[in-house]
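Q: Next comes the sequence, and after it the predicted model I'd like to discuss.
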Amino acid sequence: MGLGGTWDRAPHTPHDIDHAEAAITAALDAGITDFDHADIYRHGKSEAVFGEVLARWPGLRERITLQTKCGIRLPEDGRPGIYDLRAPSILESVRASLTRLRTDHVDTLLLH
């Protein structure tokens, strides 16, 4: 949740990717192999920088477990935040998470 830069819609930066890589390296060094995400963390940037690190490290995906969550729509354009657990919304969220994470699957999907 803390990866990916700011909580606004500004794009992530190379520094954000390097920061994510350092955090992932520290986690792996400590024996942590389960990584939790959500499509809303930093407006998707948390998943995106994690995906950039996966692209840098061939074989890493096979060594870890990825979990992500969906179902919350953040407030936007004067609309309040809502829970959206309709099937089309879940499918859209999962497709977007897979793209950002640069993987073809997650090991666990949770609904917020």
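A: Yes, it's here. Numbering: from 1, shown residues only.

Q: for the chain, which strand is longest?
A: strand 65-70 (DSSP state E).

Q: could you point out which element follows that strand?
A: strand 72-73 (DSSP states H and E).

Q: And the contacts of that next one?
A: 38, 40, 81-84, 89, 112 (Cβ atoms under 8 Å, 6 or more residues apart in numbering). In short, each C-beta sits where N, CA and C put it, glycine included.

Q: so for that strand, what's the average pLDDT?
A: In this model, strand 72-73 has a mean pLDDT of 94.

Q: so which helix or strand takes in the residue nearest to the spatial centre of the chain?
A: Per Cα atoms, centre = their mean, the C-alpha nearest to the average position across the chain is that of E47, at 2.2 Å. Applying DSSP H and E as the criterion places E47 in helix 45-56.

Q: and the residue lying farthest from the centre of the chain, backbone torsions?
A: Within the chain, G78 marks the point farthest from the mean C-alpha position, 24.9 Å out by Cα atoms, centre = their mean. Main-chain torsions, G78, degrees, to the nearest 10: phi 80, psi -10.

Q: Can you show me the helices along this structure?
A: In the chain, the helices defined using DSSP state H lie at 14-29, 45-56, 87-101.

Q: Let me know which of those helices is tucked in deepest.
A: Of those, the one with the most neighbours on average (mean count of other Cβ atoms under 10 Å) is helix 45-56, at a mean of 22.

Q: now E21: how far from G51?
A: Distance from E21 to G51, counting by Cβ to Cβ, to the nearest Å: 12 Å.

Q: And D104, by the same measure?
A: 12 Å.

Q: again with A26
A: 18 Å.

Q: what's the nearest residue to I82 if we skip its chain neighbours?
A: R73 (5.1 Å; Cβ to Cβ, 6 or more residues apart in numbering).
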